[in-house]
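Q: Got a predicted structure plus its sequence, pasted below:
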2 protein chains.
Amino acid sequence: MAVWFDIDPKSGVPIFKQVIEQVKRAVATGMLKPDERLPTVRELAEEHSINPNTIGKAYQNLEVMGLVYTRPGVRGGTFIAPGVVAGVRQVELERFQDDLQKVVREGYDLGLEQDEMGNRFQNELTEWYSAHPLPAPATINLASDLSGRPARKLYSTKE
Amino acid sequence: MAVWFDIDPKSGVPIFKQVIEQVKRAVATGMLKPDERLPTVRELAEEHSINPNTIGKAYQNLEVMGLVYTRPGVRGGTFIAPGVVAGVRQVELERFQDDLQKVVREGYDLGLEQDEMGNRFQNELTEWYSAHPLPAPATINLASDLSGRPARKLYSTKE
DNA sequence: CGTATTGTACTATACAAGTAATACAATTGG
DNA sequence: CCAATTGTATTACTTGTATAGTACAATACG
């Protein structure tokens, strides 16, 4: 089991959107590498007791975004598209920046002073990082991705 | 027009939930004071071209939460319940704290270092507050609220 | 007392999103 | 060719939201 997914059917967030987010995040952080295969729709569906179509819907969305490519058949599946890792990370970072601004706006609307909000954030920050130290340097090999050349071939093709 | 509401029917967020959030926030910040009257369901409905039932749904939810009370009749309407301002503000602050943690978690999942995230937040913070200085000291008269005595009478009653 | 205004109740309809059940198409390996 | 496995298409069901229309109960004012 190469990848696990954190899916909570009771969170209110649609399942297929949760899958999309998890894949995007995994690609952005380098946990999923180009041409790496994702779990099949039926695997994920059975593991979380949901309908395969729900997973399929997530994979289709990801394919339209250009994040993955799919192949039917016994050796088929859903794979991370090469050449998009850097772009995905950039987009995810920009969205994170938007979320930062949102939370600043939220505290501002509650009438919080600038200093107090800063202190609250720093507290959360140090508390989280002391309890969850960053595992690896989180380095991503962007060079091999930007070259457009897949890191490895999973199977031979006729091309 | 004492209070305006920021309602965006195209935001994806249900209208009645938007109304609920706006009232809660206005109460938490002291913009809406105990026994202050909200716009009537028909006023709000006409102003935003929405169905009165949708506004009514929001007001009913707020009443169940104990945030407002309602009275029928010509001088009736929907009013902020006294004695809940402090509690509402507390709850809203706790939710803000949760959102802070969420965004910390989000940056952490993207592999950001603690210092870098702290810098990004501080930048957003100073940028926002320099462009949007806090209007008033945002002081809330909690004493008059906690005493259970309405700040003022809008009309005489028989009691 | 009568009228106007307020929130509320009720029913019906419509629409969109999410999910589920089933069957189908494409590919690989025997 | 046949069977297994993959993603996909189609259809339908459920839920949440919003709308519309009508009617009702309570209150205040003249």
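A: Perfect, thanks for sending it.
Q: and the top helix by length along chain A, what does it pack onto?
A: Ranked by residue count and defined by DSSP state H, the top helix of chain A is helix A:85-109. Counting contacts by 3 or more Cβ pairs under 8 Å, 6 or more residues apart in numbering or on different chains; DSSP states H and E, the secondary-structure elements packed against helix A:85-109 are helix A:15-29, helix A:114-131, helix A:142-146, helix B:85-109, helix B:114-131. (Glycine included, C-beta is placed from N, CA and C.)
Q: and residue A:69, that one's in a strand?
A: Yes. Counting by DSSP: H, G, I helix; E, B strand; the rest coil, residue A:69 is part of a strand.
Q: neighbours around it, how many?
A: 14 (other Cβ atoms under 10 Å in any protein chain shown).
Q: what's the answer for residue A:119, then?
A: Residue A:119: 12 neighbours (other Cβ under 10 Å).
Q: Also the one 10 residues further on?
A: Using other Cβ under 10 Å, residue A:129 has 18 other residues around it.
Q: so what's the closest residue to it other than its chain neighbours up against?
A: Leaving aside its sequence neighbours, residue A:129 sits nearest to residue B:114 (Cβ to Cβ, 6 or more residues apart in numbering or on different chains; 4.5 Å). For residue B:114, the contacting residues are A:125-126, A:129, by Cβ atoms under 8 Å, 6 or more residues apart in numbering or on different chains.
Q: For the residues you listed, give me CSV that also has distance to residue A:77 and pLDDT.
A: Below are the contacts of residue B:114 laid out as CSV (distance: Cβ to Cβ, whole Å; pLDDT from 0 to 100):
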residue, distance to residue A:77, pLDDT
A:125, 39, 98
A:126, 42, 97
A:129, 36, 97
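Q: interface residues of chain A facing chain B?
A: A:25, A:28-30, A:89, A:92-93, A:96-97, A:99-101, A:103-114, A:117-118, A:120-122, A:124-126, A:128-129, A:132, A:134, A:138 (Cβ under 8 Å from any Cβ of the partner chain).
Q: Tell me which residues are up against the longest helix of chain A.
A: Among residues not part of helix A:85-109, those counted as contacts by Cβ under 8 Å, 6+ apart are A:24-25, A:27-30, A:33-34, A:67, A:117, A:120, A:140, A:142, A:145-146, B:25, B:29, B:96, B:99-100, B:103, B:106-107, B:110, B:112, B:120-121, B:124-125, B:128-129, B:132, B:134.
Q: filter those down to the ones near DNA strand D?
A: Within the set of the contacts of helix A:85-109, contact with DNA strand D (Cβ under 7 Å from any atom of the strand) is found for no member.
Q: Which among those count as buried?
A: Buried members of the contacts of helix A:85-109, scored by 16 or more other Cβ atoms under 10 Å in any protein chain shown, are A:24-25, A:27-30, A:33-34, A:67, A:117, A:120, A:140, A:145, B:25, B:29, B:96, B:99-100, B:103, B:106-107, B:110, B:112, B:120-121, B:124-125, B:128-129.
Q: Of the helices and strands packed on helix A:85-109, which is nearest DNA strand C?
A: Proximity of the helices and strands packed on helix A:85-109 to DNA strand C was assessed by Cβ to the nearest atom of the strand; the nearest stretch is helix A:15-29, lying at 3.4 Å.
Q: Can you mark which positions in stretch A:58-76 are buried?
A: Neighbour-count burial for stretch A:58-76, with 16+ other Cβ under 10 Å as criterion, is recorded at A:58-62, A:67-68.
Q: among those residues, which are in strands?
A: residue A:68 (DSSP state E).
Q: So which residues on chain A come close to DNA strand C?
A: By Cβ under 7 Å from any atom of the strand, the residues of chain A that approach DNA strand C are A:9, A:14-17, A:50-54, A:57, A:71-76, A:155, A:157.
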